[in-house]
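Asks: Quick one, what's the 3D model for this:
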Amino acid sequence: MRVRERHVMTEQKSFKRLVRARMERTGESYSTARRHVLKDARPVGRMHDSWLLREVLDGEWSEAMLAGLAGGIGFMYFVFEYKGHTPTMTIVARHHPAPFIPTALKHAGIAHEVTSTTSTRKAEAGLRGADGPVICLLGKEKHPVAVLGVDGGEVTVLDRGTHVRPLADFLAGWGAGKHEMISIGERTGEPDVAGAVAMTCEHLTGAVLGNNFDVNFGFSGMRKLAEQLRDKGKKGWAQRWAGDPDFVFKRLHDCLEVEYTAANASRPLYADFLDEAGLPGGQEFRASGALWGEIARGGDYDELARKVDEARSVEERAIRLLMS
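Replies: From the prediction side, this is the model:
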C-alpha cells in the first residue's frame, strides 16, 4: 500500500468529511480542499483534552461525557517558594493526578494502550504503523495532540486546529516527553459512569495520594486556599505577593479558566456530564462554577476567601447528593 493511501485511510473521519463537503461545495480537488480545511480548522471545545478525545473518537461521545468519565473536576492547591524568587502557586481544577485521557478511555470501556520509547526510530515506526489516529503526549508537560496520519516526511497533527508539520520537527519535540503515545482500540463494554463519579467524589472528600500532601487536594485544598487568602501573616497572600498582586491574580485566572481546565474551573462542563448521565448535582456545580469564575477575576483577599468557602459548601452539597 502506498504511503499516501495509508495516510488517507488513517486520517480522522470527521476531518475527511470536512474536506469532502468543501469539495462538493466548491468543486475543488481533494488536495486543494484539504489545504483550505487545514488553514480554516479551529478548535471549538471547552477543555483541550476532552475536545481532542471527542474528535479522535469521531464525535461518538459528547465532550461533557468524556470529561466526566475522566473524573471531570478536582482541586489541587500548592504554593512554591524558592530563595531569591517570587513565590508562585498553582491550582489544578480538573481531576488530578490520574492521567486524564487514559482514565476517560478506561471508564468509557474503550481499549487503549499507552506506550513510550526513547528511540526516535521506534516512535516513527509506531506512527507510520498506526491503524488510526493516535494521541501523542508532547514535552515534559505531556501536552496531548492527535496524529491523524504520516505522509512521507510530513505529519498531520490536530492541536488547536489541524496542521501539517515536518515529521522530523514533530519527532524532536515529542522526544522531550519520551515519545509517549496512546493508541485507541475498539469499545469493549458499557461506560462505567458510576465508577467515574465515585472516583471524583472520593478524591474531593478523601485521600488522593495517600500521604501528607493530601491536605492540598479536594475540599481540604479549598480550605487551605481560603485560610491563606485570609492570613495576614507570612503564609498569607497579602504578604507573599505584597509587591506584585497582579502576578498572583493572573496565575489565579489562568489556573481556574485556562490551564488544564474548562471555563469556571470546569464545573459547568461537569454539570453537563451529570445532566447527560441523569444524575443530581448539575445545578450545584453550575452555581459553584459561577463562584469560581468570580474568584478568577481576583479582588479583595477576604472576599475571595468567602467565595472559596461558599463554592466549597455548594460542592459538598452536590457530592452528598451523588453519594447518597
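
Asks: Now residue 280: closest residue in space that isn't a chain neighbour?
Replies: Spatial nearest neighbour of residue 280, excluding adjacent residues (C-beta to C-beta, 6 or more residues apart in numbering): residue 321 at 4.2 Å. C-beta here means a position set from N, CA and C on the backbone, and glycine is covered the same way.

Asks: Correct me if wrong, but the one you found is in a helix.
Replies: Yes - with DSSP: H, G, I helix; E, B strand; the rest coil as the criterion, residue 321 is assigned to a helix.

Asks: quick one, phi psi at the residue of the chain most remote from its centre?
Replies: Taking C-alpha atoms, centre = their mean, the residue of the chain most remote from its mean C-alpha position is residue 27, at 37.8 Å. Main-chain dihedrals, residue 27, degrees, to the nearest 10: phi 80, psi 10.

Asks: Tell me who's in contact with residue 113.
Replies: The contact partners of residue 113, by C-beta atoms under 8 Å, 6 or more residues apart in numbering, come to 182-183, 185.

Asks: Weed out the non-buried ones from those residues.
Replies: Among the contacts of residue 113, those buried by neighbour count (16 or more other C-beta atoms under 10 Å) are 182-183.

Asks: I'd like to know which of the contacts of residue 113 is nearest to residue 212.
Replies: residue 182 (31.5 Å; C-beta to C-beta).

Asks: Need phi/psi at the closest one.
Replies: phi -110, psi 110.

Asks: what's the spacing between it and residue 285?
Replies: Look at residue 182 and residue 285: by C-beta to C-beta, to the nearest Å, they are 28 Å apart.

Asks: same deal with residue 241?
Replies: Counting by C-beta to C-beta, the gap from residue 241 to residue 285 is 29 Å.

Asks: what residue ranges in this structure score low on pLDDT?
Replies: 1-18, 21, 31-44 (pLDDT under 70).

Asks: Quickly find the element holding the residue nearest the centre of it.
Replies: In the chain, the residue lying closest to the centroid (C-alpha atoms, centre = their mean) is residue 49, at 3.7 Å. Element membership for residue 49 (DSSP states H and E) is helix 48-56.

Asks: which is the next helix or strand following that helix?
Replies: helix 63-69.

Asks: how about residue 78, what does it touch?
Replies: By C-beta under 8 Å, 6+ apart, residue 78 lies in contact with 89-90, 216.

Asks: Please convert the buried members of the residues you listed into ChimeraX selection syntax.
Replies: Restricted to buried positions by 16+ other C-beta under 10 Å, the ChimeraX selection for the contacts of residue 78 reads:
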select :89,216
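
Asks: now, which of the contacts of residue 78 sits nearest residue 162?
Replies: residue 90 (30.4 Å).

Asks: how near is the closest one to residue 108?
Replies: Taking C-beta to C-beta as the measure, residue 90 falls 28 Å from residue 108.

Asks: Residues in a beta bridge with residue 77, which ones?
Replies: Here residue 77 sits in beta bridges with residue 91, going by DSSP bridges.

Asks: What ranges does this protein have for its strands?
Replies: For the chain, the strands defined by DSSP state E cover 73-80, 88-94, 110-115, 134-138, 143-151, 154-158, 162-166, 180-187.

Asks: Which residue ranges make up the domains of the protein?
Replies: Split into domains by automatic domain parsing, the chain comes to 3-41+110-186, 63-105+191-323.

Asks: Now do the first one: distance to the chain's middle.
Replies: What it means is domain 3-41+110-186. Relative to its chain's centre, domain 3-41+110-186 lies at 19 Å (C-alpha atoms, centre = their mean, to the nearest Å).

Asks: how close does residue 196 get to residue 172?
Replies: 36 Å.

Asks: wait, I meant residue 97
Replies: Here the criterion is C-beta to C-beta. By it, residue 97 lies 27 Å from residue 172.

Asks: ok, now residue 263?
Replies: Residue 263 is 33 Å from residue 172, where distance means C-beta to C-beta.

Asks: thought residue 216 was touching residue 223?
Replies: No - the pair formed by residue 216 and residue 223 falls short of the contact definition of C-beta atoms under 8 Å, at 10.3 Å.

Asks: neighbour-wise, which of residue 196 and residue 172 wins?
Replies: A side-by-side neighbour count of residue 196 and residue 172, using other C-beta atoms under 10 Å, places residue 196 first with 25 against 11.

Asks: That one reaches residue 69, doesn't it?
Replies: Yes - if you go by C-beta under 8 Å, residue 196 and residue 69 touch, sitting 4.7 Å apart.
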